[in-house]
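Enquirer: Dropping the sequence and predicted coords here.
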Amino acid sequence: HLPLSLLISLLTAFAIYLLSGSRISLAYPISQAISHREFQVYCQPIINSADGRCVGIETLMRWKNHREEWISPDVFIPLAEQHGLIIPLTRYLIKQVVEKLALFPARSDFYISINVAAQHFNEMVIVDDIRQLWLSAEPRLSLMLELTERTHLQELTTEQISELKEMGIMLAIDDFGTGHSSLSYLKTLTPDVLKIDQAFTASIGTDAINATVTDTIITLAQRLKVKLIAEGVETLEQADYMRKRKVDALQGYYFSRPMPIDIFPSWLEHYEKD
Ligand code: C2E
Ligand code: CA
Ligand code: CA
Ligand code: CA
């Protein structure tokens with residue numbers, strides 16, 4: 001019979017084959033799914049830690065394919081990035097948000113936060129897309145763009161950054177502390193907001209080393225006068241911890257799971273009543 005090691009490598013090769021097969025086959029459906037309107041815009045409230053008011057939302061994309069299966073954004077976003085489909089996808093999301101602006105409170109300090117892949121920036125079109133959204137939103141509400149370090153922002157020019165800033169759009173670094181270029185991003189982007197990754201929030205009370213990193217990120221941001229949003233807040237303990245350390249805003253299941261944007265007005269009504 002086969003030696004165990006050979007069996008293991010055969011199984012591994014087969015698993016890789018299966019995985020890569022499904023990866024390749026997903027890319028085409030993404031472009032179809034855009035035209036079939038299979039993507040839905042969800043949102044998750046962002047809560048001011050000092051007074052508990054909802055100060056904004058983050059938009060999050062959802063995909064329910066034609067077989068009624070939910071595909072996680074952790075799967076389809078990286079794929080869309082690889083296959084050059086992230087720009088049409090983000091444009092689709094922006095269009096949906098523009099169509100549904102009336103769902104959100106007309107407060108000039110209420111912000112809609114959108115995840116933007118670096119690629120989108122690199123292609124320059126982002127500034128035009130965002131300008132369009134901005135023109136229909138402003139001065140009714142504010143806009144924030146969340147950037148991750150997944151793709152390097154080599155091409156992002158200071159020109160683009162200052163153009164967006166001149167429009168009054170806020171820039172946030174998403175998943176701060178998880179990438180390798182976080183610190184250089186602080187310099188090139190001069191962000192308005194840092195989002196503390198949920199892994200750090202989860203470390204509170206459970207993981208001393210990450211909890212130390214969390215405190216360091218908080219101190220760093222406060223010294224630089226950059227606002228902080230803690231992500232992945234699931235418990236009262238985590239919320240209290242962030243509040244005590246003057247983290248500006250909180251986001252997570254403790255307050256609300258992401259919901260379809262159509263439901264947001266009734267969520268807000270209930271939330272504000274309590
Ligand atoms: P992200 O931008 O870091 O978004 C936060 C993720 O954490 C969301 O996952 C959200 O549902 C989840 N989350 C929120 N609160 C909690 C909590 O209390 N506990 C836990 N365990 N998780 C929480 P989601 O919606 O599955 O999105 C995953 C990632 O996919 C996002 O991470 C973002 O990087 C990407 N993504 C989602 N929508 C878009 C989009 O429209 N454009 C782009 N470029 N990326 C997107
Ligand atoms: Ca985000
Ligand atoms: Ca994040
Ligand atoms: Ca994340």
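Expert: Nice, I can see it. Ligands and ions are numbered 1, 2, ... in the order given.
Enquirer: Now residue 48, what are its backbone angles?
Expert: phi -70, psi 130 (degrees, to the nearest 10).
Enquirer: Assess the claim that it and residue 248 are in contact.
Expert: Yes: between residue 48 and residue 248 there is a contact at 7.1 Å, judged by C-beta atoms under 8 Å. C-beta: built from backbone N, CA, C; applies to glycine.
Enquirer: out of those two, which sits in the more crowded spot?
Expert: residue 248 (20 against 14; other C-beta atoms under 10 Å).
Enquirer: who's the closest residue to the more buried one other than its chain neighbours bridged to?
Expert: Excluding the flanking residues, the one nearest residue 248 by C-beta to C-beta, 6 or more residues apart in numbering is residue 227, at 4.7 Å. Judged by DSSP bridges, the bridge partners of residue 227 are residue 193.
Enquirer: Contacts only, for residue 227.
Expert: 192, 193, 194, 221, 248, 249 (C-beta atoms under 8 Å, 6 or more residues apart in numbering).
Enquirer: and stretch 62-81, does that touch ligand 1?
Expert: Yes: Stretch 62-81 is in contact with ligand 1 by C-beta under 6 Å from any ligand atom, via 72, 73, 74, 77.
Enquirer: tell me which residues of that stretch are tucked away?
Expert: By neighbour count with 16 or more other C-beta atoms under 10 Å, stretch 62-81 contains the buried residues 62, 63, 65, 71, 73, 76, 77, 79, 80, 81.
Enquirer: residue ranges with poor pLDDT in the stretch 51-200 of the chain?
Expert: 122-124, 149-157, 180-182 (pLDDT under 70).
Enquirer: sorry, back to before: what residues are shared contacts of residue 48 and residue 248?
Expert: In contact with both residue 48 and residue 248: no residue, using C-beta under 8 Å, 6+ apart.
Enquirer: Assumed residue 172 was part of a strand.
Expert: Yes: the assignment for residue 172 (DSSP: H, G, I helix; E, B strand; the rest coil) places it in a strand.
Enquirer: related to what we said a few turns ago, so which of the contacts of residue 227 also contact ligand 1?
Expert: Of the contacts of residue 227, not one also sits near ligand 1 (C-beta under 6 Å from any ligand atom).
Enquirer: Can you tell me which of those residues comes closest to residue 33?
Expert: residue 193 (30.6 Å; C-beta to C-beta).
Enquirer: can you count the residues close to that closest one?
Expert: That count, for residue 193 with other C-beta under 10 Å as the rule, works out to 23.
Enquirer: ditto for residue 205
Expert: 11.
Enquirer: related to what we said a few turns ago, can you tell me which two in the buried residues of stretch 62-81 are farthest apart?
Expert: The widest separation within these (C-beta to C-beta) is 18.6 Å, between 65 and 81.
Enquirer: where does residue 44 land in three-state SS?
Expert: Applying three-state DSSP: residue 44 is strand.
Enquirer: Can you tell me how far it is from residue 202?
Expert: 16 Å (C-beta to C-beta, to the nearest Å).
Enquirer: what's the answer for residue 75, then?
Expert: For residue 75, the distance to residue 202 - C-beta to C-beta - is 21 Å.
Enquirer: same deal with residue 227?
Expert: Taking C-beta to C-beta, one finds residue 227 at 21 Å from residue 202.
Enquirer: Figure out the helix or strand that residue 144 lives in.
Expert: strand 142-147 (DSSP states H and E).
Enquirer: Is that strand positioned near ligand 3?
Expert: No: Strand 142-147 lies out of reach of ligand 3 by C-beta under 5 Å from the ion, never closer than 7.1 Å.
Enquirer: Identify the residues contacting the helix or strand that comes right after that strand?
Expert: Where DSSP H and E defines the elements, the next helix or strand beyond strand 142-147 is helix 158-166. For helix 158-166, contacts defined as C-beta under 8 Å, 6+ apart pick out 121, 124, 126, 127, 130, 145, 171, 188, 189, 190.
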